[in-house]
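K.L.:
coordinates only, sequence not included:
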């Protein structure tokens, strides 16, 4: 057994402290990104961007909202063609995620067909099915669309001074969301810098 050295303890403590600091910084960054995405996704900004894309196309006389349609198509393709197939392999599904379904009430030809192989086959036979794979696909598409728009908004915010992503906090008095930079609550008009406590 090698002799005990005090410097080994000091080095391991320094490494542990550095590791803890890195983990803390990573956790804070992840929390900031996640809270920014939540603030962005549920504050109506997605609708503003979508309507903005549609109105730009309408103003330019392009007829259909081509840019918005193309953006949606790319995001849907990312989810359907890139994200879901590996998920179908990782989970023991034996088929593509979109084709996963449960038969609630079989159709008239269920016995002849020896069950249904695809969702389309079940629906053509008049079966009542629970298409949970299609639902999972749509949920992942929604999250993918939100993340893609959040990425665009973050990029725009880095290049511009106009903030799209508005971080919010809860007012301690009325519990409604207000901007984190606000001095007063727009809902209950309370001061958010602690003046209310000093007045009492």
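P.N.:
Nice, I can see it. Everything quoted here is computed from the prediction, not taken from an experiment.
K.L.:
Can you tell me the element the residue positioned nearest the centre of the chain falls in?
P.N.:
For the chain, residue 143 is the residue whose C-alpha lies nearest the centre (Cα atoms, centre = their mean; 4.0 Å). For residue 143, the element it lies in under DSSP states H and E is helix 132-159.
K.L.:
before we move on, the earlier item: give me the distance between the residue nearest to the centre of the chain and residue 78.
P.N.:
According to Cβ to Cβ, to the nearest Å, residue 143 stands 11 Å off from residue 78. Backbone N, C-alpha and C define where each C-beta goes, glycine included.
K.L.:
Buried residues of stretch 118-137, list them for me.
P.N.:
Residues of stretch 118-137 classed as buried: 119, 122, 125, 127, 129, 131, 133, 134, 137 (neighbour count, 16 or more other Cβ atoms under 10 Å).
K.L.:
how would you label the nearest residue to residue 174 once chain neighbours are set aside: helix, strand or coil?
P.N.:
Nearest residue to residue 174, sequence neighbours excluded (Cβ to Cβ, 6 or more residues apart in numbering): residue 188, at 4.0 Å. Put simply, residue 188 is coil when judged by DSSP: H, G, I helix; E, B strand; the rest coil.
K.L.:
hmm, back to that, so what secondary structure elements neighbour the helix holding residue 143?
P.N.:
In this structure, helix 132-159 packs against helix 6-41, helix 45-59, helix 66-77, with contacts taken as 3 or more Cβ pairs under 8 Å, 6 or more residues apart in numbering; DSSP states H and E.
K.L.:
How far does the shortest one sit from its chain's centre?
P.N.:
In terms of Cα atoms, centre = their mean, to the nearest Å, the centre of helix 66-77 is found 17 Å from the chain centre.
K.L.:
Past it, which element shows up next along the chain?
P.N.:
helix 84-90.
K.L.:
Any chance you could list what contacts that next one?
P.N.:
Applying Cβ atoms under 8 Å, 6 or more residues apart in numbering, the external contacts of helix 84-90 come out as 95, 96, 97, 98, 137, 140.
K.L.:
of those residues, buried ones?
P.N.:
Restricting the contacts of helix 84-90 to buried positions leaves 96, 97, 98, 137, 140, with burial counted as 16+ other Cβ under 10 Å.
K.L.:
Just the closest of these to residue 166, please.
P.N.:
Residue 166 lies nearest to residue 140 out of the buried ones among the contacts of helix 84-90, by Cβ to Cβ, at 26.1 Å.
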